[in-house]
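Q: Structural data only, the sequence is not supplied:
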């Protein structure tokens, strides 16, 4: 098996019935591709459907819900331990519809670009098929305070796709809804960070990949269609909690290394670059926590008590789970990766303010010169 296409399922029986046949059919057209369903202890009829309707599909069953992060890590571990370990590990949501020709361009790109750690298709809305979808659109970026956005999706604004992003491009992050990862890179990084459970884990993975010299690419010759909100609705306080907590964990994982790498590339000695990286990362994280506090205040003033509690809980758990980077760790990192790592797609402005000021013009106003790219 060359490409393992893995659906991590949790109580999505209807999506399996609807979208799995097309996925199986498309995989049959690409040599070495296999569809696998990993089940996170579903309590609906998902496994009955797999047994009765799709008996030809390999199923990995877990005894408890391991979350998005733990579930995919466990699936990867089992596949790697097998006799037919995959070269490419493709994460795909159960609520995605694929056309016949979506997979080939991704495999071809990975085959011809050995420095690419992960790639993804353009993500369109299943409901409005010519419009980009929230979860990843045409590849993601990150603003100066750690807020993610995409080419084709900023805040809740979604662009129509009329070919404006049809050039293959390296990006900061690609959607975990449909993400092809080089198994070698996934293994070397230890997979997804299981503290996250779900949400923003793919952004963190893509960031860590770049910090070890891998590229993240959107391949627009491939397009898939995403329903979205299949597991947790946008209004869920638990989802809000995960987003606030995991955003801070992601910054804690990567920001000091990124700033240290930037200073190192500008000619600073490793010791000074590491010290400056830690100082600037700490400052930026505190700024982000202040902005989170403003959000919590608005929730409180508008009597959205559940959302207020979600932000407070997120900050509390972040403090318990964070892993601060030491100066010695950063110096060692620079010695190992300082000459080959690169980070692309950090936006130098605050995307929320830009979006408020410019409305729908925000898409046209973003320029490459506004990005902080470490080459």
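A: It's in. Being a predicted model, the structure only gives us computed values, none of them experimental.
Q: mind checking the end-to-end distance for stretch 320-335?
A: End-to-end distance for stretch 320-335: 30 Å, by CA to CA, to the nearest Å.
Q: how far is it from where the chain is centred?
A: Computed by CA atoms, centre = their mean, to the nearest Å, the separation of stretch 320-335 from the middle of its chain amounts to 22 Å.
Q: which stretches of this protein have low pLDDT?
A: For the chain, the stretches flagged by pLDDT under 70 are 230-234.
Q: Walk me through the domains of it.
A: Per automatic domain parsing, the domain ranges recorded for the chain read 3-226, 237-341.
Q: Show me what counts as buried in the longest helix anywhere in the chain.
A: Among the segments of the chain that qualify as a helix by DSSP state H, the longest is helix 270-301. Across helix 270-301, burial judged by 16 or more other CB atoms under 10 Å covers 270, 273-278, 280-282, 284-285, 288, 292, 296, 299. C-beta here means a position set from N, CA and C on the backbone, and glycine is covered the same way.
Q: can you check stretch 356-369 too?
A: Neighbour-count burial for stretch 356-369 [16+ other CB under 10 Å]: 362-363, 366.
Q: What about those residues, which are in helices?
A: Those of these lying in helices (DSSP H): 362-363.
Q: ok, the spatially most central residue of the chain - contacts?
A: With distances taken as CA atoms, centre = their mean, the residue of the chain nearest its centroid is residue 202 (2.4 Å). Contacts for residue 202 (CB atoms under 8 Å, 6 or more residues apart in numbering) come out as 91, 173-176, 179, 192.
Q: Just the closest of those residues to residue 47, please.
A: The closest of the contacts of residue 202 to residue 47 turns out to be residue 91 (CB to CB; 20.2 Å).
Q: Does that closest one lie in a helix or a strand, and which?
A: strand 88-92 (DSSP states H and E).
Q: now that strand, how far from the chain's geometric center?
A: Worked out by CA atoms, centre = their mean, strand 88-92 lies 12 Å from the chain centre.
Q: tell me which residues in it are buried?
A: Residues of strand 88-92 classed as buried: 88-92 (neighbour count, 16+ other CB under 10 Å).
Q: For the residues you listed, give me CSV that also has distance to residue 357.
A: Listed next are these as CSV, based on distance: CB to CB, whole Å:
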residue, distance to residue 357
88, 41
89, 41
90, 39
91, 35
92, 36
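Q: re the thing from before, which helices and strands sit right next to the strand holding residue 91?
A: strand 3-9, helix 67-81, helix 103-112, strand 178-182, helix 183-188 (3 or more CB pairs under 8 Å, 6 or more residues apart in numbering; DSSP states H and E).
Q: of all these, which lies closest to residue 370?
A: Of all those, strand 178-182 comes closest under CB to CB, at 25.7 Å.
Q: the helices in the stretch 151-300 of the chain, which residues?
A: For the stretch 151-300 of the chain, the helices defined by DSSP state H, counting those that start in this stretch occupy 183-188, 201-210, 237-265, 270-301.
Q: what's the helix or strand just after the longest one in contact with?
A: Scanning forward in sequence from helix 270-301, with DSSP H and E defining helices and strands, the next element found is helix 305-321. Applying CB under 8 Å, 6+ apart, the external contacts of helix 305-321 come out as 195, 237-238, 240-245, 248-249, 252, 289, 292-293, 295-296, 299-300.
Q: Looking at the helices and strands packed on strand 88-92, which is nearest to residue 216?
A: Here strand 178-182 is closest among these (CB to CB), at 9.2 Å.
Q: name the helices or strands packed onto that closest one?
A: In terms of contacts (3+ CB pairs under 8 Å, 6+ apart), strand 178-182 is packed against strand 88-92, helix 103-112, strand 116-125.
Q: Give the partner strands of the helix or strand that contains residue 34 in its sheet and their orientations.
A: According to DSSP H and E, residue 34 maps onto strand 33-39. Note on strand 33-39: by DSSP bridges, its sheet partners are strand 3-9 (parallel), strand 58-61 (parallel).
Q: Deepest-packed of the ones you listed, please.
A: strand 3-9 (a mean of 25; mean count of other CB atoms under 10 Å).
Q: need the next SSE after it, C-terminal direction.
A: Downstream of strand 3-9, the first helix or strand assigned by DSSP H and E is helix 13-27.
Q: Just the buried residues of the longest strand out of those in the chain, please?
A: Secondary structure assigned by DSSP state E gives strand 215-226 as the longest strand of the chain. Counting neighbours by 16+ other CB under 10 Å, one finds that the buried residues in strand 215-226 are 215-220, 222-226.
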